[in-house]
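Enquirer: from the sequence below, what's the structure:
(one chain, ligands or ions: 1)
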Amino acid sequence: MKFKGRDIIDINDFSKEELLYILKTARRFDPQFVKKDRSNYTIAQGKIAAVLFFEQSTRTEQSFRSAAQKIGMGVIGFNDPQSTSIHKGETFADTIRIMDSYADVLIIRHPEPGSAKEAADIAEIPVINAGDGSNQHPTQTLLDLYTILKEQGTLDGIKVAFMGDLKYGRTVHALSIALSHFKVKQIFISHQDLAMPKEYIEILKKRGVAYEILTKIPDEFKGINFLYQTRVQKERFKDLKAFNKIKDEFILGKEFLSQLDKGVKLMHPLPRINEMASELDSHQNAIYFSQARNGLYVREALLALVLGRI
Ligand code: NCD
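Expert: Next up is the predicted model:
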């Protein structure tokens, strides 16, 4: 298995074995599995991560910054492209070319689908896709898989339901593909205008994955191990009226506590707006905050792997 120098652009580029290897490596950084290991602090000493965020973020950007520093890296970059020479008219390609010469790994988020691939074609150093428009978000997928595995002990023989914005939700797209390597039944719950895009359903069909499509929230989540709730991606709508019409249809109020009591675990990539009531937060089966924390361990592992330091 070769990770050194590799770009992390599309979850389709990874085999089942490679996904499992990354998840196994992440445990080394997770205090739940390994007592504080000081040798982790210097794994990537002398290396620089460039964090280039052309789109807003809290978790992804900050956890990458934190992960890089926790393994000894220096961090440069920006999260407001208007503060860079892009404001003067410099192109995306030139920006990438320059950052490529200052860093050892580029971590990029951009509203345009395909932009991370474009950066990877220009840069010599590894490029990590931290979200390209409505397309993909592979490092979120790795932390989602890590969370499911940690909670369930296995990725096989389970049922995962996705809810909310399955059309524009890049976290859903990439996670669905990754889960298709395992024995997982997938259930898609959304308004028909926000349904899972056909190309993803086609992949599931081709791979013989069991799936179901629902256009209403079921009364019972019996047998479903994880519900992956998502935010309606307002910024991807061309027509705000269309957004307003469907934004409040698939929300989980405090009545969902009874389903959590019955065992379904609630995940969410965050940020949430109003699609999950805060009354759910303290339930032990509401696992979205520990899900976000897991992002740190997975990103530490990924950076160390692509730099060839572990
Ligand atoms: C998600 C994203 O940016 O795609 N957030 C994240 O990275 N944790 C989900 C979202 O913005 O709704």
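Enquirer: residues of the stretch 1-150 of the chain that sit close to the ligand?
Expert: Neighbours of the ligand within the stretch 1-150 of the chain, by Cβ under 6 Å from any ligand atom: 59, 60, 131, 137, 140. No exception for glycine: its C-beta is placed from N, CA and C like everyone else's.
Enquirer: what do you get if the cut-off is 8 Å, keeping everything else the same?
Expert: The stretch 1-150 of the chain has residues 55, 57, 58, 59, 60, 109, 130, 131, 137, 140 near the ligand, with proximity defined as Cβ under 8 Å from any ligand atom.
Enquirer: what subset of these is buried?
Expert: 55, 57, 59, 60, 109, 130, 131, 137, 140 (16 or more other Cβ atoms under 10 Å).
Enquirer: filter the residues of the stretch 1-150 of the chain next to the ligand down to just the ones in strands.
Expert: Among those, the ones falling in strands (DSSP state E) are 109, 130, 131.
Enquirer: return the closest of those with respect to residue 91.
Expert: Distances from residue 91 to these, taken as Cβ to Cβ, are shortest for residue 109 (17.8 Å).
Enquirer: so what's the closest one up against?
Expert: With contact set as Cβ atoms under 8 Å, 6 or more residues apart in numbering, residue 109 has these partners: 52, 53, 54, 55, 57, 60, 61, 130, 131, 132.
Enquirer: need phi/psi at residue 169.
Expert: Phi and psi for residue 169, reported as degrees, to the nearest 10, are phi -70, psi 100.
Enquirer: so it sits against residue 235, correct?
Expert: No. Using Cβ atoms under 8 Å, residue 169 is not in contact with residue 235; the gap is 11.9 Å.
Enquirer: compare these two (neighbour count), which wins?
Expert: More crowded of residue 169 and residue 235, by other Cβ atoms under 10 Å: residue 169, with 26 against 11.
Enquirer: and residue 255, how many neighbours?
Expert: 10.
Enquirer: can you give me the pLDDT of it?
Expert: For residue 255, the pLDDT comes out at 97.
Enquirer: what does the one 4 residues further on give?
Expert: As predicted, residue 259 sits at a pLDDT of 97.
Enquirer: so that it lines up with my notes, have the first residue be 658 from now on.
Expert: Got it, the first residue is 658 from now on, which makes the last one we talked about residue 916.
Enquirer: tally of neighbours for residue 856?
Expert: By other Cβ under 10 Å, the residues close to residue 856 number 8.
Enquirer: surely it is in a strand?
Expert: No. Read with DSSP: H, G, I helix; E, B strand; the rest coil, residue 856 is helix and lies in no strand.
Enquirer: check which residues of the worst-scoring helix or strand of the chain on mean pLDDT are buried.
Expert: Every helix and strand in the chain was compared by mean pLDDT, DSSP states H and E; the lowest is helix 897-903, with a mean of 94. If you call a residue buried by 16+ other Cβ under 10 Å, then helix 897-903 has these buried ones: 900, 903.
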